[in-house]
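> fold the following for me, if possible:
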Amino acid sequence: MKRINCFIPFQDAAQVAHTVKGLKESDLVSKIYLLATETVSDAPEGCTVVPVQSLNSTDAVRKIAALADADYTNDKGRSMFVPLHL
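So this is what the prediction gives:
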């Protein structure tokens, strides 16, 4: 039962690798979005890059709201670059 959409701040692939790996292993996660303020060429497989002006911008919040179609949403943009564990 995949019920959670996750939004992760993206700096580079190494920074999100551990978090993305853990999320992919969970049966609860539906989609993984990477919030990026710059062009991304090395996004992990299975993740969708969402370009944003800044992580705390109205633009970012609107894009998260538009993509949040699961039962739950985990917006890691507020806790920045700390690995997430389910």
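
> thought residue 67 was touching residue 32?
No - if you go by Cβ atoms under 8 Å, residue 67 and residue 32 don't touch, sitting 11.0 Å apart. Every residue, glycine included, has its C-beta placed from N, CA and C.

> now the common contact residues for these two.
Taking Cβ atoms under 8 Å, 6 or more residues apart in numbering as the contact criterion, the common neighbours of residue 67 and residue 32 are residue 5.

> between those two, point out the one with more neighbours.
Neighbour totals were compared for residue 67 and residue 32, and residue 32 leads with 21 against 15 (other Cβ atoms under 10 Å).

> which elements pack onto the one helix or strand residue 8 maps to?
Here residue 8, judged by DSSP states H and E, is contained in strand 4-10. Packed against strand 4-10, as judged by 3 or more Cβ pairs under 8 Å, 6 or more residues apart in numbering; DSSP states H and E, are the following elements: helix 13-25, strand 29-36, strand 47-51, helix 58-67, strand 72-75.

> pull the distance from the longest one to the chain's centre.
In this case it means helix 13-25. Taking Cα atoms, centre = their mean, to the nearest Å, one finds helix 13-25 lying 10 Å from the centre of the chain it belongs to.

> just want the angle from that helix to strand 4-10.
The directions of helix 13-25 and strand 4-10 differ by 170 degrees, with axes from the mean of the first three to the mean of the last three Cα atoms, to 10 degrees as the criterion.

> beta partners of residue 51?
According to DSSP bridges, the residues that bridge with residue 51 are residue 36.

> my bad, residue 8
Applying DSSP bridges to residue 8 yields these beta-bridge partners: residue 34.
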